[in-house]
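Undergrad: okay, structure incoming, though there's no sequence with it:
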């Protein structure tokens, strides 16, 4: 079926280390969105990427959309304890227009 | 910007009891509405989505149902709850006046079926 695969499922880092989560789709995406869910909270929209090869930055967060529009990544530089949570990618299928969520990557940061 | 209200915030129900969760949206009109379920430590499972009043699409077979009696009201129901219905239920909206793909989530309802 239609899936967006996200890896890793869990990541534990020491505060100050970098973190990256990857998102892959078997089919071309119209756009990809990233969401963050804090522990006990609900997903909150972070950013949307639309163009092939697009790179966007939000402070210590860098988002990339692959040239083929089938994969994306979120990189956090020098993690802080406030980065703790689950990060979801969500890809919009070019053929169906449906938004498909990845399974999420849960980030734990040790102070 | 749109605001999504969900209630109750938490709910404990016995197996076999009925369920009704309500979601209302403010700040937009004619939104697309969604019900998701999230098991503990897991991803988001899309249950239902609606593009308009009375229009409901089901993504997975289950003993839950959804209804949209008004443009900005979305209800999730069950006649008899199962243990496996426990989880975090999230309502989300997209589209509307801005015609955006971005999904905005409500605060969620934590349901425990005992």
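TA: Yes, it's here. What you see is a predicted model, and the numbers here were worked out from it, not measured in a lab.

Undergrad: near chain B, anything from the helix or strand containing residue A:88?
TA: Per DSSP states H and E, residue A:88 falls inside strand A:85-93. Yes - for strand A:85-93 and chain B, the contact criterion (C-beta under 8 Å from any C-beta of the partner chain) is met by A:88, A:90, A:92. Placement of C-beta: from N, CA and C, glycine included.

Undergrad: quick one, which of the residues you listed are buried?
TA: Among these, the ones that count as buried by 16 or more other C-beta atoms under 10 Å in any protein chain shown are A:88, A:90, A:92.

Undergrad: going by distance to residue A:31, which of these wins?
TA: residue A:92 (4.9 Å; C-beta to C-beta).

Undergrad: can you pull the contacts of the residue nearest to that closest one when sequence neighbours are not counted?
TA: Leaving aside its chain neighbours, residue A:92 sits nearest to residue A:30 (4.4 Å; criterion: C-beta to C-beta, 6 or more residues apart in numbering or on different chains). Residue A:30 makes contacts with A:50, A:69, A:92-94, A:97, as judged by C-beta atoms under 8 Å, 6 or more residues apart in numbering or on different chains.

Undergrad: cool, and residue B:26?
TA: Residue B:26 makes contacts with B:2-5, B:72, as judged by C-beta under 8 Å, 6+ apart.

Undergrad: again, but for residue B:45
TA: B:36-39, B:59-60.

Undergrad: so the residue of chain B found nearest chain A versus residue B:29, what's the distance?
TA: Going by C-beta to the nearest C-beta, chain A is nearest to residue B:43 of chain B, at 3.8 Å. Applying C-beta to C-beta, to the nearest Å, the value for residue B:43 to residue B:29 is 30 Å.

Undergrad: higher neighbour count, the two?
TA: residue B:43 (17 against 11; other C-beta atoms under 10 Å in any protein chain shown).

Undergrad: okay, now residue 60: neighbour count?
TA: With no chain named, the answer covers chain A. 14.

Undergrad: meant chain B actually
TA: Residues near residue B:60, counting by other C-beta under 10 Å, number 10.

Undergrad: wait, is it part of a helix?
TA: No - using DSSP: H, G, I helix; E, B strand; the rest coil, the secondary structure at residue B:60 is coil, not a helix.

Undergrad: need the pLDDT of the residue nearest to it when sequence neighbours are not counted.
TA: Sequence neighbours aside, residue B:47 is the residue nearest to residue B:60 in space, at 6.4 Å (criterion: C-beta to C-beta, 6+ apart). Looking at residue B:47, its pLDDT is 93.
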